[in-house]
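S.K.: can't give you the sequence, but here's the structure:
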């Protein structure tokens, strides 16, 4: 028996079939574990990148609203806290995703002294009255956003881990400081209504009691916060300096220019005197001027009249980078023409001579022409610049509103009879206008007497019809051609003669404006017109003294000084900076 058993045992010991199975099982398990770990790691990393991206977006959005911080936890759009929450990954917000769970975001608004100097030159600011305070101290210029979330694990449950906690941080500097060079055209209404008293709510000092005084006070505040030329705060700015913010000043009605005198200098001398304006309705419009405006050549020339030696100009000061002695100067120059025009030093500054009421479409075209020409000049010198147009007005276009042409539904001009050459041009009661002069659209009384001018009922620019609509079209033209248009409604009415524009509708709607015209709760009124002239809701401001509310993005800015400071701040964007910058 022993002899028989030994060979069988030997054969069994020599048989190695099936011994690799345990190895295969172990290796397979390890490979599956490694694959699951790789997939899970990728899943977690993707979730973290989503969290980091939304944290970056939230920090930038919050910084863009600063110094308008809002209150902690508030979801009010346009404030630091509101934007922070809106761009987070919290449930229901813009960057919410099913991958991230239990998301929560917090922020710290603080003053980072490291970016108050060159090259950022971004000073710390106090939040608007009635808002939450900065996290540390009374001023701030940066925000750090911290966002936490959980990500559910796909395979972690096998080893007892069902989720993982993630944290992301991002820090952003608020908008402001050095930026792309700007060409800025400031267009201020100087019609007679600007001599009215400025409401106390406009926040101007006691020495700036009229609307025009308050308007240039705001412009002065804006210029004081700008950098005329590139460099540090101590850089001295000269007429040959490479500039950061070059500003030109325009007004309407047009200022008179004769063969010997450009009376715009009355606004740039100290003490100033009141310059004479062109004494005609629609200022200086004729067929030659229309071609001038629409072709947009170099705008430094003046505008001629039919049979008149007088001319007019809207430009008070050309593009200027010497309104401050140095970038960091807290006050304007006392001798620079632009600084003098906005009340720099002891000068009275720009005044409101009045004239033929408000018709500002051509003034807008002239300012846009100046911006295009300046941008072209700077491009030839190697500078990339961006164009900005800032328009301040009460908004109601009332030029030539004294008489009505019932046959055409037009508004006609009350022309000074001593200017006989203009009576025939603009007076709808002069039946010879079609044979002796070119009729302005909307001014001739009937189709019979204006048979050679079929535009007698036309609101097409230039016209006695659709004055507000023409201004909207002019401003939207500027936006369409890459100019950022800011509008400031100073006492803009919610009732008025803009209703004469009822037949004048901007066919493109609000494609190039903050809203359509006529549209909204104040359809066809001055308030509607000025908002439609702004490039978007972020560039429309109002002091709300005439019942015209600002856009929801700018409701916290109601004083003229505050509005112009906000415009200055808007001319740059927030940027991410290293977390931990102090």
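M.R.: Thanks, I have the structure now. These numbers were taken from a predicted model, which means no experiment stands behind them.
S.K.: Buried residues, stretch 471-484. List them.
M.R.: Judged by neighbour count using 16 or more other CB atoms under 10 Å, the buried positions of stretch 471-484 are 471-479, 483-484. C-beta here means a position set from N, CA and C on the backbone, and glycine is covered the same way.
S.K.: Take the residues you listed and keep only those in strands.
M.R.: With strands defined by DSSP state E, the entries of the buried residues of stretch 471-484 inside them are 483-484.
S.K.: any idea which of the buried residues of stretch 471-484 is the one closest to residue 571?
M.R.: Comparing the buried residues of stretch 471-484 against residue 571 with CB to CB picks out residue 484 as the nearest, at 8.2 Å.
S.K.: about what we covered before: return the member of the buried residues of stretch 471-484 nearest to residue 27.
M.R.: After measuring the buried residues of stretch 471-484 against residue 27 - CB to CB - the closest member comes out as residue 484, at 64.9 Å.
S.K.: Any idea what the closest residue to the closest one other than its chain neighbours is bridged to?
M.R.: Once its chain neighbours are removed from consideration, residue 484 has its nearest residue in residue 388; the separation is 4.9 Å (CB to CB, 6 or more residues apart in numbering). On DSSP bridges, the residues paired with residue 388 through beta bridges are residue 184, residue 484.
S.K.: oh, and call the first residue 791 from now on, that's how I've got it
M.R.: Happy to do that; since the first residue is 791 now, the last one works out to residue 1178.
S.K.: For residue 1178, give me its contacts.
M.R.: With contacts taken as CB atoms under 8 Å, 6 or more residues apart in numbering, residue 1178 has the following neighbours: 972-975, 1161, 1273-1276, 1361.
S.K.: Please repeat the previous calculation with a cut-off of 7 Å.
M.R.: Under the criterion of CB atoms under 7 Å, 6 or more residues apart in numbering, the neighbours of residue 1178 are 972-974, 1273-1274, 1276, 1361.
S.K.: just residue 940 next, same as before
M.R.: Shown in contact with residue 940 (CB under 7 Å, 6+ apart): 891-892, 953-955.
S.K.: Check for me that it belongs to a strand.
M.R.: Yes - counting by DSSP: H, G, I helix; E, B strand; the rest coil, residue 940 falls inside a strand.
S.K.: Need the three-state assignment for residue 833.
M.R.: Of the three states, residue 833 takes helix according to three-state DSSP.
S.K.: Count residues in the vicinity of the closest residue in space to it that isn't next to it in sequence, would you?
M.R.: Counting by CB to CB, 6+ apart, residue 833 lies nearest to residue 944, which is 6.1 Å off, once chain neighbours are set aside. For residue 944, the neighbour count with other CB atoms under 10 Å is 12.
S.K.: right, and residue 944 touches residue 828 too?
M.R.: No - counting by CB atoms under 7 Å, residue 944 sits too far from residue 828 to count as a contact (11.5 Å).
S.K.: Relative to residue 1149, how far out is residue 1279?
M.R.: Distance, residue 1279 to residue 1149, using CB to CB, to the nearest Å: 17 Å.
S.K.: Residue 834: what's it in contact with?
M.R.: Remark: with contacts taken as CB under 7 Å, 6+ apart, residue 834 is in contact with 941, 954.
S.K.: Return the set of residues that bridge with residue 937.
M.R.: Listed beta-bridge partners, residue 937: residue 895, residue 958 (assigned using DSSP bridges).
S.K.: for the one 4 residues further on, same thing?
M.R.: The residues paired with residue 941 through beta bridges, assigned by DSSP bridges, are residue 890, residue 954.
S.K.: Tell me how many other residues crowd it.
M.R.: 23.
S.K.: need the helices for the chain, in chain order.
M.R.: Listed from the start of the chain, the chain has helices (DSSP state H) covering 792-804, 811-855, 870-876, 1001-1014, 1077-1085, 1127-1131, 1151-1170, 1210-1216, 1223-1226, 1257-1270, 1316-1323, 1350-1360.
S.K.: Quick check: buried residues in stretch 885-905?
M.R.: Buried residues in stretch 885-905, counting neighbours by 16+ other CB under 10 Å, are found at 885, 890, 893, 895, 897, 899-902, 905.
S.K.: Now flag whichever of those is closest to residue 816.
M.R.: Sorting these by distance to residue 816 puts residue 890 at the head of the list, at 36.3 Å, by CB to CB.
S.K.: can you pull the contacts of the closest one?
M.R.: Neighbours of residue 890 in contact, by CB under 7 Å, 6+ apart: 837, 840-841, 879, 939, 941.
S.K.: State the distance from the closest residue to residue 1129 other than its chain neighbours to residue 1051.
M.R.: Distances taken as CB to CB, 6+ apart put residue 1122 closest to residue 1129, at 3.8 Å, once the chain neighbours are dropped. Residue 1122 sits 26 Å away from residue 1051 when distances are taken as CB to CB.
S.K.: Same drill for the two, tell me which one is more crowded.
M.R.: residue 1122 (23 against 12).
S.K.: how far away is the more buried one from residue 1155?
M.R.: As defined by CB to CB, residue 1122 lies at a distance of 29 Å from residue 1155.
S.K.: same question, residue 1055
M.R.: Distance check for residue 1055 against residue 1155: by CB to CB, it reads 23 Å.
S.K.: With neighbour numbers in mind, choose between the two.
M.R.: Set residue 1055 next to residue 1155 and count neighbours by other CB under 10 Å: residue 1155 wins out with 28 against 15.
S.K.: Is the more buried one in contact with residue 1266, as I believe?
M.R.: No - distance between residue 1155 and residue 1266: 11.8 Å, which falls outside the contact criterion (CB under 7 Å).
S.K.: re earlier: could you export the helices of the chain as a markdown table, including distance to residue 963 and mean pLDDT?
M.R.: A markdown table is the format used below for the helices of the chain (distance: least, CB to CB, whole Å; pLDDT from 0 to 100):
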| stretch | distance to residue 963 | mean pLDDT |
| --- | --- | --- |
| helix 792-804 | 78 | 58 |
| helix 811-855 | 6 | 85 |
| helix 870-876 | 13 | 91 |
| helix 1001-1014 | 21 | 90 |
| helix 1077-1085 | 41 | 37 |
| helix 1127-1131 | 29 | 91 |
| helix 1151-1170 | 26 | 87 |
| helix 1210-1216 | 54 | 33 |
| helix 1223-1226 | 61 | 40 |
| helix 1257-1270 | 28 | 86 |
| helix 1316-1323 | 30 | 89 |
| helix 1350-1360 | 12 | 85 |
